[in-house]
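Starting from these lines, generate the structure:
(2 chains)
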Amino acid sequence: MQFFFEVLIGGLLSGVMYSFVALGFVLIYKASGVFNFAQGAMVFAAALTFVGFQELGVPFWLALLIAFGVMVVLGILTERIVLRPLVNQPPITLFMATIGLTYVIEGLAQGAWGANVRGLELGIQDEPIEWLMETANISVSKFDLFGAGVAALLVTLLALFFQYTRIGRALRAVADDHQAALSIGIPLQQIWRIVWAVAGFVALVAGLIWGARNGVSFSLTFTALKALPVLILGGFTSIPGAIVGGLIIGSTEKLAEVYLGEYVGGGIDSWFPYVMALAFLLVRPEGLFGEKHIDRV
Amino acid sequence: MFYREAGQFKTTYLADQQIFPITQDRIGVLLILAVAFVAVPMLFNEYWIKAILIPFLIFSLAALGLNILTGYAGQLSLGSAAFMAVGAFASYNFMLRVDGMPILIAFVCGGLSAAVVGIAFGLPSLRIKGFYLAVATLAAQFFIVWALTKFGWFSNYSSSGVITAQEMQIFGYKFVTAESKYLLVLSIVVLLALAAKNMVRSSIGRAWMAVRDMDVAAEVIGIRIMHTKLLAFAVSSFYCGVAGALYAYAYIGTVEPEGFNLDLSFKILFMIIIGGVGSIVGAFLGAAFIVLLPIALDVMVQEWLHGIFPPSISSNLQLVVFGGLIIFFLIVEPHGLARLWQIGKQKLRLWPFPH
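So this is what the prediction gives:
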C-alpha cells in the first residue's frame, strides 16, 4: 500500500509538470482558437535561452528576465508574421502553420545555442522529504513538491489575472466571440500578443522546471506530446481542466506503468495516456471541463 | 486558345460523366502517363529514380489516402504513418508466413490489414470531432509503433524490430533494378489514384463531402454517418497501408517501426495541406513539394554555404527554412498548390485574350 501511495504521489506530481505545458496550449486556444503545436518548441527555446545566458555569466534573475523578454518578442513576432495574415483561415491551416513554427523555433534555438544537453540548476535538491519519510515512510521528492507549488501559484495568478483585470476580461471576451469582442472595441491583435506573451511565460516556467529535472535538451520539445492527452482530457478551453487532466494523466500513467506494464513488456507510457484520454472522450466528447458543443443545422 | 472546351458537345450522359470531360484534359493525362511510363525510365538515371521518383510516388499514395480522410471526409488524422507501418509489417508477415504468396496479393492484404486497424481507430470519430479527434488519432500512432516494436512476432523476432523486405517477384520476373521497381510502383499508384478519383466523384465521395461540410445536416438528409466515416477511415488506411508496403519493399528495403514516427505523419499532413486539401492532384503536387524541398535545400546548403557555416548550423538553418517556407506557403496560398493549378487552368482557357 505504501508503494502504491508513493507511485500515486509521484504520478500526481509529474502530472503537475504536464499541466504546465498544457496550460500554454489552453491559453492560446482559448483566446485565439489556434491549436498551438509550437508550445513544446517554446518550452525548449525558453529553457535554452535561460541556460544559455546563465552560461555567459548572467545572474539568475537577469537571465530569467532576458528569457522572458525573448519569449515576449517571439510571441509578438508570431502574431505579426504568422497569425495576422492567416486570420479567417480554417483551424487546420493555423495548426499546420504552428507546426511550421515549431521547426523554425527549434532551428533558431539550436542554431543560437548549440544542441548539447545542458544542466539547469534551480537550487532545489531532488531528494526525498525527511519528515514524510519518517512519519509515513513515503518518499516524495522535494523538487517535485516545489514544482507543484509553482504550478499552484501560477494557476492562481492566471486565474486572478483572467478574472479581475481589464485585460483578463478582454481576453475572456475574445475567447467567447471574436467578432463580438471586436465590435465593442477590444483590440484583437493586442490581445493576441498578450496571450502569446503569457503563453511564452508559461513555457518559460515549464522549461525551467522540466529542464531542472531532465536537463535542457531537444527532448524538451516532446513535452508537447505529453501535454496533448492532458489537454483533451481536461478540455481545450479550461485552465482547471489542464490541471485536473494533468493530475489524472500523471497518476494513472505511473500506476499503469508499475502495475500493468509488466504484463505487456513495459514502455507503455508512450501511448497509455492517449488511450486513456481516448476512452474518456468516448464518454465525454468535449473533455472534463470543455465547452459543450451544440450542433446546429 | 488551346485549352478550351467550347465546341465539345456532349450528346450522351456517358460522355458527360466521364472522368475528364474535356478533350484537352484527356490528352494531357495520357501524355503525362506516357512520359511517366516510357520517357522517365529512359531519361533519368538511377539516383533520380531511386531517391526521388519512387519516394515521391509512394508519398503521393499515402497523401492520397490521408486526403480522402481529411480532405474529403473531414476527419483530421495524425496517425497516417502508423497505418503505413501496419501495411508494411502486414505485407511482410503475409509473405513470410504464407507459402507462395504473390507479392501483389501481399500488398493488398497489407492494405486490408491497415484498413481493419484503421476502422478500429476510426471508431472514436463517431463521437469525437475536430482537434479532439486529431489528438485521439495520435493514440493510434503511438500504440501501433509501440506494439510493432514490443511484440517480436511482427518482425519475426529480429533483434531490433527491423524487417528486411523479401524480393519482389511477379510470375517469375524479379524486380531488382530501380527502373522495374519504379514501373511497378507507378502502375500501382496510377491504378489506386484512378480508383480514388472515381470514388470521390461517386455517391461515396459525395457522402464524404456532405459529412465534412456538416455532419448533422448530412445525417438529416439520410446519409449513414457511421458507415460513411468508417468507410473513409478504411479506404484511407488501405491507401496508407499499400503505401507503407511499397515504402518497405520498393524504396527502403529494411524498415523498423520507429521509421514510421510522428514526423512522417506530419510530413504526409504537410503534403496534403500544401498540395491542397480535398484534391487528388493536390496529393501529388504536395508530395512532390515535400519530397523535393529538403533535397533542394540540401543541395543549396552544399553549394552556396559550403565552408561558411559549420554543418551543425547549416542543418539548423535547413530546419528554419523548411518551417519558414511552410508558413510562407500557407500564408500565400492557404488552399494549396491545387488551387494554383486551377487558377492556371482558368487563365489558360482565356489565353491569349484578356476576357
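
C-alpha only now, for contacts and for neighbours.
OK.

near chain A, which residues of chain B show up?
Residues of chain B lying near chain A by C-alpha under 8 Å from any C-alpha of the partner chain: B:124, B:127-129, B:131-132, B:135-136, B:138-139, B:142-143, B:146, B:150, B:214, B:216-217, B:270, B:273, B:312-313, B:316-324, B:326-327, B:330-331, B:334.

Are any of those buried, and if so which?
With neighbours counted by 16 or more other C-alpha atoms under 10 Å in any protein chain shown, those contain buried members at B:124, B:128-129, B:131-132, B:135-136, B:138-139, B:142-143, B:146, B:150, B:216, B:270, B:273, B:313, B:316-324, B:326-327, B:330-331, B:334.

Among those, which are located in helices?
B:131-132, B:135-136, B:138-139, B:142-143, B:146, B:150, B:216, B:270, B:273, B:313, B:316-324, B:326-327, B:330-331 (DSSP state H).

residue ranges of the helices in the stretch 151-300 of chain B, please?
B:178-200, B:203-213, B:215-220, B:225-246, B:262-275, B:280-304 (DSSP state H, counting those that start in this stretch).

need the contact list for residue B:233.
B:69, B:115, B:118-119, B:122 (C-alpha atoms under 8 Å, 6 or more residues apart in numbering or on different chains).

Which pLDDT does the model give it?
Note on residue B:233: pLDDT of 94.

And residue B:92, by the same measure?
91.

neighbours of it, just the number please.
Counted by other C-alpha atoms under 10 Å in any protein chain shown, the residues lying close to residue B:92 total 25.

which SS state does it fall under?
On the three-state scheme (DSSP: H, G, I helix; E, B strand; the rest coil), residue B:92 is labelled helix.

ok, for it, nearest residue in space, not its chain neighbours?
residue B:165 (6.4 Å; C-alpha to C-alpha, 6 or more residues apart in numbering or on different chains).

Distance of the one you found relative to chain A?
Residue B:165 sits 26 Å away from chain A, going by C-alpha to the nearest C-alpha, to the nearest Å.

need the contact list for that residue.
With C-alpha under 8 Å, 6+ apart, residue B:165 has these contacts: B:92, B:248-249, B:253-255.

Would you write a ChimeraX line that selects the buried entries of the residues you listed?
In ChimeraX syntax, the buried subset of the contacts of residue B:165 is picked out as below (16+ other C-alpha under 10 Å):
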select /B:92,248,249,255
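
Would you map the helices across the stretch 151-297 of chain A?
A:166-176, A:178-183, A:188-214, A:223-234, A:239-259, A:261-264, A:272-283.

Redo the ones you listed as CSV? Include mean pLDDT.
As requested, the helices of the stretch 151-297 of chain A are exported to CSV (pLDDT from 0 to 100):
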stretch, mean pLDDT
helix A:166-176, 82
helix A:178-183, 83
helix A:188-214, 86
helix A:223-234, 83
helix A:239-259, 84
helix A:261-264, 71
helix A:272-283, 83
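
can you put those in CSV and add distance to chain B?
Putting the helices of the stretch 151-297 of chain A into CSV (distance: least, C-alpha to the nearest C-alpha, whole Å) gives the following:
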stretch, distance to chain B
helix A:166-176, 17
helix A:178-183, 19
helix A:188-214, 17
helix A:223-234, 6
helix A:239-259, 14
helix A:261-264, 8
helix A:272-283, 5
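
Columns mean neighbour count on top of the ones you listed, output as JSON lines?
Converted to JSON lines, the helices of the stretch 151-297 of chain A look like this (neighbours: other C-alpha atoms under 10 Å in any protein chain shown):
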{"stretch": "helix A:166-176", "mean neighbour count": "18"}
{"stretch": "helix A:178-183", "mean neighbour count": "14"}
{"stretch": "helix A:188-214", "mean neighbour count": "23"}
{"stretch": "helix A:223-234", "mean neighbour count": "28"}
{"stretch": "helix A:239-259", "mean neighbour count": "24"}
{"stretch": "helix A:261-264", "mean neighbour count": "12"}
{"stretch": "helix A:272-283", "mean neighbour count": "20"}
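
Out of the contacts of residue B:233, flag the one nearest to chain A.
Nearest to chain A, judged by C-alpha to the nearest C-alpha, of the contacts of residue B:233 is residue B:122 at 11.4 Å.

The closest one belongs to a strand, doesn't it?
No - Residue B:122 is assigned helix when assessed by three-state DSSP, not a strand.

Quick check: mean pLDDT of the helix or strand containing residue A:146?
Assigned by DSSP states H and E, residue A:146 falls within helix A:142-164. Here helix A:142-164 scores 82 as its mean pLDDT.

Ok, stretch A:29-41 next?
84.

what distance separates the start and the end of that stretch?
This stretch, stretch A:29-41, spans 16 Å end to end (C-alpha to C-alpha, to the nearest Å).

just to revisit the earlier point, could you tell me the angle between the helix holding residue A:146 and helix A:188-214?
170 degrees (axes from the mean of the first three to the mean of the last three C-alpha atoms, to 10 degrees).

which parts of helix A:142-164 are buried?
So, applying 16+ other C-alpha under 10 Å, buried residues of helix A:142-164: A:142-148, A:150-151, A:154-155, A:158, A:162.

same thing with stretch B:155-168?
Buried-residue list, stretch B:155-168, by 16+ other C-alpha under 10 Å: B:155-156, B:161-165, B:168.

In strands only, show me those residues.
Judged by DSSP state E, strands contain the following of the buried residues of stretch B:155-168: B:163-164.

Surely residue A:201 touches residue A:70?
No - Residue A:201 is not in contact with residue A:70 according to C-alpha atoms under 8 Å; the separation is 9.8 Å.

if we can go back for a sec, just say which of the helices of the stretch 151-300 of chain B is most tucked in.
helix B:225-246 (a mean of 28; mean count of other C-alpha atoms under 10 Å in any protein chain shown).

mind checking how far that helix is from the chain centre?
12 Å (C-alpha atoms, centre = their mean, to the nearest Å).

Next, the angle from it to helix B:262-275.
110 degrees.

hey, C-alpha coordinates of helix B:225-246 in CSV?
Below are the C-alpha coordinates for helix B:225-246, written out as CSV (Å, rounded to 0.1, in the frame of the first residue of the first chain):
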residue,chain,number,x,y,z
ILE,B,225,-22.8,8.8,-40.6
MET,B,226,-21.2,5.7,-39.1
HIS,B,227,-21.0,3.9,-42.4
THR,B,228,-19.6,6.9,-44.2
LYS,B,229,-17.0,7.8,-41.6
LEU,B,230,-15.7,4.3,-41.1
LEU,B,231,-15.6,3.7,-44.8
ALA,B,232,-13.4,6.8,-45.1
PHE,B,233,-11.1,5.5,-42.4
ALA,B,234,-11.0,2.1,-44.1
VAL,B,235,-10.2,3.4,-47.5
SER,B,236,-7.7,5.9,-46.3
SER,B,237,-5.9,3.4,-44.2
PHE,B,238,-5.9,1.0,-47.1
TYR,B,239,-4.1,3.5,-49.2
CYS,B,240,-1.7,4.3,-46.5
GLY,B,241,-1.1,0.6,-45.9
VAL,B,242,-0.3,-0.1,-49.5
ALA,B,243,2.0,3.0,-49.5
GLY,B,244,3.7,1.6,-46.4
ALA,B,245,4.2,-1.8,-48.0
LEU,B,246,5.7,-0.1,-51.1
